[in-house]
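> Here's my sequence, what's the structure:
(one chain, ligands or ions: 1)
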Amino acid sequence: MLHLDHVSFSYADGVPVLENIDFKVAKGEHVSIIGESGCGKSTLLKIVYGLLHIEIGEVHWNNVQVMGPSYNLVPGEPNMKYLSQEFDLMPYTTVKENVGEFLSVFEPEEMQFRIQELLDMLQMTDFADTKVRHLSGGQQQRVALARVLAQEPEVLLLDEPFSHIDNFRKNQLRRNLFGYLKRKNITILTATHDPLDILPFADRIMVLRDRNIIATDTPKKLYEHPKDLYIASMFGEANKIPVNIVKSYADTKRRIIVYAHEFKVSDQSGLEVIVKEAFYMGHHYMIVAAYEGQDVYFHHHSPFDSGKVVFLNVSIETLNQRIPDILS
Ligand SMILES: Nc1ncnc2c1ncn2[C@@H]1O[C@H](COP(=O)(O)OP(=O)(O)OP(=O)(O)O)[C@@H](O)[C@H]1O
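Model prediction:
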């Protein structure tokens, strides 16, 4: 088990980045850390890996304390691997050589099997003999992934692992990679902005904001019951609207979170908004409208002209899902 025990951290400028972070991750669990840019996701991964010295709190893996850079000559814990946003590759050698660098040359067959397995999984077999410096950013990112996996870490720390990879490949790659890691029972901490990296794969999500973990739950619970707009916005365009405006019988002025795709357009009743802009998104339009000086986002199959008055409704299923959140 991984345990961050009341960890606080600031860089040399003294500005606190993380305060009193306390959580546990079970062996084989996949936990995703999400939060706005600059909230400290990478810093948290670096602390777990032992790259940053912490004055306050402790990190333990399997009840052994992770000692930071002041104690380890070679930074980083041996049974963990950290895949940073910069890939640590050998540019003048081939993909195969990069992936095999840490494998035992005394077992050549096993070595070839492992390299082949990882390159297949990451769809890089065709580039096995290509020098890394001739690869694109996305291909290099996949080599970097194969290289850390070849070392069979117990804990894998992934920082934006698909940031350079094209959409054409991303989905298949996510399924391959997270399936592989589950089968190997590797504990994973992923830092990401992209909801598609996490919703289908993470066992649990932790939301970072203002130096703290403000929520932690399964993807389904966090998505369906976001505590606030910040959390909901991690998953897509979301709104916070007074519940009694969409449903007049609702006996409360409190506000609920409604995702853009959950609004239904109506001719006469509901939340009255004035259309500002419409953006073509492929299978729908994203409409930006105004309600009492605030922007409201909703999806519609066709665009509306700017200035048009539209009424928005929310289904009873969505209301039933969210109202307990504001009453609790
Ligand atoms: N080496 C450093 N020295 C000083 N401050 C730093 C250093 N690295 C990061 N920071 C600051 O610490 C805060 C957290 O940065 P961090 O990179 O952990 O955020 P993040 O959530 O991973 O961001 P992103 O999603 O953009 O990668 C930011 O305010 C950043 O400016």
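
> measure residue 116 to the ligand for me?
For residue 116, the distance to the ligand under the criterion Cβ to the nearest ligand atom, to the nearest Å works out to 33 Å. Just so you know, the C-beta spots here come from the backbone N, C-alpha and C atoms, and that holds for glycine as well.

> Repeat that for residue 85.
Using Cβ to the nearest ligand atom, residue 85 is found at 7 Å from the ligand.

> residue contacts, that residue?
42, 159, 160, 163 (Cβ atoms under 8 Å, 6 or more residues apart in numbering).

> Can you select the buried ones among these for me in PyMOL?
Buried residues within those, as defined by 16 or more other Cβ atoms under 10 Å, are selected in PyMOL through the command that follows:
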select buried, resi 42+159+160
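
> that's a helix at residue 118, yeah?
Yes - with DSSP: H, G, I helix; E, B strand; the rest coil as the criterion, residue 118 is assigned to a helix.

> pretty sure it is touching residue 151, no?
No - shown here, residue 118 and residue 151 do not form a contact pair, counting by Cβ atoms under 8 Å, at 10.6 Å.

> ok so, going back, restrict the contacts of residue 85 to those near the ligand?
residue 42 (Cβ under 6 Å from any ligand atom).

> before we move on, what SS does the nearest residue to residue 53 once chain neighbours are set aside have?
Nearest-residue entry for residue 53: residue 68, 4.1 Å, with adjacent residues in sequence omitted and distances by Cβ to Cβ, 6 or more residues apart in numbering. The three-state label given to residue 68 by three-state DSSP is coil.

> Residue 68 contacts residue 55, doesn't it?
No - with contact defined as Cβ under 8 Å, residue 68 does not reach residue 55; the gap is 9.7 Å.

> Which of residue 118 and residue 151 has more residues huddled nearby?
Using other Cβ atoms under 10 Å, the more surrounded residue of residue 118 and residue 151 is residue 118, with 22 against 15.

> Test my guess that residue 279 contacts residue 299.
No - here residue 279 does not reach residue 299: they are 10.3 Å apart, not a contact under Cβ under 8 Å.

> Neighbour count: the two, which is higher?
Per other Cβ under 10 Å, whichever of residue 279 and residue 299 has more neighbours is residue 299, with 19 against 11.

> if I pick the more buried one, what's in contact with it?
Going by Cβ under 8 Å, 6+ apart, residue 299 touches 260, 261, 263, 281, 284, 285, 286, 287.

> and these, which are buried?
Of all these considered here, the ones buried according to neighbour count by 16+ other Cβ under 10 Å are 260, 263, 285, 286, 287.

> Please convert those residues to a markdown table, extending it with secondary structure, distance to the ligand and pLDDT.
Compiled in a markdown table, those are given as follows (DSSP: H, G, I helix; E, B strand; the rest coil; distance: Cβ to the nearest ligand atom, whole Å; pLDDT from 0 to 100):
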| residue | secondary structure | distance to the ligand | pLDDT |
| --- | --- | --- | --- |
| 260 | helix | 23 | 97 |
| 263 | strand | 29 | 95 |
| 285 | strand | 29 | 97 |
| 286 | strand | 23 | 97 |
| 287 | strand | 28 | 97 |
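
> Which pair of the residues you listed spans the longest distance?
Farthest-apart pair in those is 263 and 285; separation 12.3 Å (Cβ to Cβ).

> Flag the shaky bits of this structure, pLDDT-wise.
Across the chain, the stretches falling below the confidence threshold (pLDDT under 70) are 245-253, 324-328.

> Go ahead and flag the most central residue of it.
residue 192 (3.0 Å; Cα atoms, centre = their mean).

> tally of neighbours for the closest residue to residue 304 other than its chain neighbours?
In space, not counting the residues next to it along the chain, residue 304 is nearest to residue 275; the distance is 4.4 Å by Cβ to Cβ, 6+ apart. Applying other Cβ under 10 Å, we find 20 other residues in the vicinity of residue 275.

> So in that sheet, which strands flank the helix or strand that contains residue 275, and in what orientation?
Under the criterion DSSP states H and E, the helix or strand holding residue 275 is strand 271-280. For strand 271-280, the pairing partners within the sheet under DSSP bridges are strand 285-291 (antiparallel), strand 309-314 (antiparallel).

> Take these and lay them out in a markdown table including distance to residue 137.
Conversion of the strands paired with strand 271-280 to a markdown table gives the following (distance: least, Cβ to Cβ, whole Å):
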| stretch | distance to residue 137 |
| --- | --- |
| strand 285-291 | 28 |
| strand 309-314 | 41 |
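
> overlap in contacts of residue 279 and residue 299?
Taking Cβ under 8 Å, 6+ apart as the contact definition, residue 279 and residue 299 share the neighbouring residues 285, 286, 287.
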